[in-house]
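Enquirer: I need the structure of the sequence given here:
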Amino acid sequence: MSKRYDLLLRLLLVGETGVGKTCLLCKYINQDFISAHISTIGIDFKMKTLQINDRVVKVQIWDTAGQERFESITKQFYRRAQGVLLVYDMSSRSSFEAIPKWLAHVEQFCKEDVSVMLLGNKCDREDRRQVTTKEASQVSYSLYKCDREDRRQVTTKEASQVSYSLYKCDREDRRQVTTKEASQFAKEHGIMFSETSAKSSSNLEKAFLDMCTDIIESQEQQASESRSSISLDEDSSHFDSHSDSSQLLSDGGRKRCC
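Expert: Here you go, the predicted structure:
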């Protein structure tokens, strides 16, 4: 049976444990959001087929464990990858500060032409919630409930603001890594950058598409440069052969002096 795709790409998701790599992958492949944190044991992978520039592209995405005890297992997959996504949690400063370590792994174990993207994942997982909906609802109710207006000590506006703060678990005030800082890091290291959310899938499709497109364009450029190099070598060889023939004819037609 002939293959049903034109190109196979291998991508690698790396980063600290708990940054949401598995959540991102499940959302991208199956549109499923995993609210609870599930640690990947060793390595796992999923497949997706894309249409890019009139080509059917099969994408193999490897989800790696962030724990140190699995690093010896995951390192062997670096060299096979054409693209690596360095994932961090925008609400976790430590996960961003660990990115240089993961980037060092890429530089050490991956091929030189590997495409790399820094990917910030939004903090919106339920396992990070510190106030339950029930608790927030009860506080909201107690703040609003006042039988007599002359006894009211909290305005409706204030209660509404408190309620909003308690319910909203993925607001920008939880962010510990700014877009500007992450973007600057990516620029300094010559890699791509994007921010996304495993829950809302914001920018998720685009991030993977940008990565795959970059890999394909890089491969096409390398192929073009290789063809140009071969053409130049052939032209040079033809020129040298022609020069040798001309020299022989010139020597053959020369009069002998003695």
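
Enquirer: mind listing the helices for the stretch 101-250 of the chain?
Expert: Assigned helices in the stretch 101-250 of the chain, in chain order: 133-144, 156-167, 179-188, 204-252 (criterion: DSSP state H, counting those that start in this stretch).

Enquirer: going by mean pLDDT, which of the ones you listed comes out lowest?
Expert: Of all the helices of the stretch 101-250 of the chain, the minimum mean pLDDT falls on helix 156-167 (a mean of 42).

Enquirer: and the gap between Met90 and Gly190?
Expert: The gap separating Met90 from Gly190 is 22 Å, by Cβ to Cβ, to the nearest Å. No exception for glycine: its C-beta is placed from N, CA and C like everyone else's.

Enquirer: looking at the two, which is more packed in?
Expert: Set side by side, Met90 and Gly190 show unequal neighbour counts under other Cβ atoms under 10 Å, the larger going to Met90 at 26 against 7.

Enquirer: with adjacent residues omitted, what lies nearest to that one?
Expert: Across the structure, with Cβ to Cβ, 6 or more residues apart in numbering as the measure, the residue nearest Met90 apart from its sequence neighbours is Gly120 (4.7 Å).

Enquirer: ok, Ile29 next?
Expert: Using Cβ to Cβ, 6+ apart and skipping residues adjacent in sequence, the residue nearest Ile29 is Lys46, 4.6 Å away.

Enquirer: buried set for stretch 190-209?
Expert: Across stretch 190-209, burial judged by 16 or more other Cβ atoms under 10 Å covers 191-199, 203-204, 207-208.

Enquirer: burial of the closest residue to Val106 other than its chain neighbours, as a residue count?
Expert: Of all residues not flanking Val106 in the chain, Val84 sits nearest, at 5.2 Å (Cβ to Cβ, 6+ apart). Neighbour count for Val84, taken as other Cβ under 10 Å: 28.

Enquirer: so Val84 is in which element?
Expert: Element membership of Val84, judged by DSSP states H and E, is strand 83-89.

Enquirer: how about the buried residues of stretch 190-209, which pair is most distant?
Expert: Distance extremes for the buried residues of stretch 190-209: the farthest pair is Ile191 and Lys199 at 24.7 Å, using Cβ to Cβ.
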